[in-house]
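Asker: build the 3D model from these lines:
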Amino acid sequence: MLYVCIIQRVYEKSNRGNLRKYGKIETGKVIPVKRMSFDSTAHDLRLHIMTSGYSRCNSDWRVRELAVPFGRLYIPDSGEGFLQIGGVTTRMLPGYAYLLPPEVPISYWCPQEMVIRFFHLELMTPDHKELFRGTERILQIPVSRQTLDELIELRGRQSYYACLKLKQLLYALLVDLYQQLAESNDPVPTFSDHVKDTVSYIHSHLSAQLTVEELAQRRKISHTTLNKYFRRELGMSVGQYIDDRLLAEARSQLCHSSRKVSEISTGLGFSDPFYFSNKFKARTGYTPLQYRKVNGWRRLDK
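Answerer: Numbers count the residues shown, from 1 in each chain. Next up is the predicted model:
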């Protein structure tokens with residue numbers, strides 16, 4: 001709900017020449033105004049920078065068909081590397097930014113040496129879906145040396161201004177990248193209160209111990225009805241959605257933290273670390289430790 005402090009009377013002249021009252025305005029009175037759908041979407045579309053830095057890659061930087069739950073923005077500083085999705089190869093060169101979409105198996109390698117700036121990030125929609133999820137190609141745009149230098153300089157500063165400016169530059173890059181997609185002008189989907197509230201609760205209380213019955217009880221509907229809402233609006237059951245979020249969070253923690261696998265497993269509500277590891281491998285093809293190893297970066301800064 002948005003609130004507007006009213007300080008004057010507003011009138012609009014009708015076509016018949018009479019003054020028609022447009023809205024009663026009283027000094028100092030706060031009147032609730034219904035939030036428009038655009039305001040809600042803009043508020044809930046959030047950029048989360050998970051980690052960033054730069055790395056010196058060589059011929060050991062070679063991974064085959066790895067999918068991660070977050071987007072990766074690569075900006076080569078020197079040298080060259082290669083990315084491949086579905087048999088289509090993209091050559092990475094300085095002067096360009098490359099977006100690797102989430103949840104797509106991507107192969108990458110470096111024939112000799114390359115220094116690369118990288119940002120691991122999530123641009124989340126109101127239903128907690130990564131905006132670039134479903135994209136099945138590498139997106140690329142030119143980037144000036146000035147922009148790259150500014151990104152480097154801002155990343156090394158600790159101030160609110162630097163954080164805002166850094167996000168502004170990243171948003172500008174992401175806008176240009178997103179415009180390359182055919183669906184960039186598609187209308188924003190709407191979701192029922194049952195789905196929005198349940199999705200928000202799942203993200204705030206993510207655990208393998210969550211049950212459909214518990215979530216349905218919160219909404220005072222049956223678990224069958226809640227599953228119908230999820231299948232209709234998200235294309236999956238509540239249980240599938242929870243499993244997807246657990247897997248995404250596990251992969252993110254393996255990539256961006258040094259926590260032990262057992263700690264990650266326990267933190268996500270799994271009572272048996274071996275069950276967690278088996279479930280993880282069944283979904284990704286890697287054990288948790290293997291997944292962490294192939295996602296390792298030779299960071300030149302911390």
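
Asker: domains in this protein, by residue range?
Answerer: 2-34, 48-183, 193-294 (automatic domain parsing).

Asker: make TSV from the ones you listed and add mean pLDDT to it.
Answerer: Output for the domains of the chain, formatted as TSV (pLDDT from 0 to 100):
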stretch	mean pLDDT
domain 2-34	40
domain 48-183	91
domain 193-294	93
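
Asker: mind putting those into JSON lines with mean neighbour count?
Answerer: Quick note: C-beta positions are derived from backbone N, CA and C, even for glycine. Below are the domains of the chain laid out as JSON lines (neighbours: other CB atoms under 10 Å):
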{"stretch": "domain 2-34", "mean neighbour count": "10"}
{"stretch": "domain 48-183", "mean neighbour count": "16"}
{"stretch": "domain 193-294", "mean neighbour count": "16"}
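
Asker: can you give me the helices for the stretch 1-150 of the chain?
Answerer: With DSSP state H, counting those that start in this stretch as the criterion, the stretch 1-150 of the chain has helices at 37-44, 145-155.

Asker: and the helix or strand following the last one, how far out from the chain middle?
Answerer: Beyond helix 145-155 on the C-terminal side, the first helix or strand identified by DSSP states H and E is helix 160-178. Its chain's C-alpha centre and that of helix 160-178 lie 14 Å apart, by CA atoms, centre = their mean, to the nearest Å.

Asker: tell me which residues are up against helix 160-178.
Answerer: 47, 49, 73, 97, 99, 119, 121, 123, 131-132, 139-141, 143, 147, 150-151, 154-155, 184 (CB atoms under 8 Å, 6 or more residues apart in numbering).

Asker: what angle sits between it and helix 145-155?
Answerer: 140 degrees (axes from the mean of the first three to the mean of the last three CA atoms, to 10 degrees).

Asker: which is the next helix or strand following helix 160-178?
Answerer: helix 193-204.

Asker: packing partners for that next one?
Answerer: Counting contacts by 3 or more CB pairs under 8 Å, 6 or more residues apart in numbering; DSSP states H and E, helix 193-204 is packed against helix 212-218, helix 223-234, helix 238-256.

Asker: that one to helix 223-234, inter-axis angle?
Answerer: Using the same axes, to 10 degrees: helix 193-204 against helix 223-234 is 90 degrees.

Asker: now the angle between helix 238-256 and helix 193-204, please.
Answerer: Using the same axes, to 10 degrees: helix 193-204 against helix 238-256 is 30 degrees.

Asker: hey, C-alpha coordinates of helix 193-204 in CSV?
Answerer: Extracted C-alpha coordinates of helix 193-204, given in CSV (Å, rounded to 0.1, in the frame of the first residue of the first chain):
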residue,chain,number,x,y,z
ASP,A,193,-2.4,-14.5,-3.4
HIS,A,194,-2.2,-18.2,-2.6
VAL,A,195,0.9,-18.6,-4.8
LYS,A,196,2.6,-15.3,-4.0
ASP,A,197,2.2,-15.8,-0.2
THR,A,198,3.3,-19.5,-0.3
VAL,A,199,6.3,-18.8,-2.5
SER,A,200,7.4,-16.0,-0.2
TYR,A,201,7.0,-18.2,2.8
ILE,A,202,9.0,-21.0,1.2
HIS,A,203,11.9,-18.7,0.5
SER,A,204,11.8,-17.3,4.0
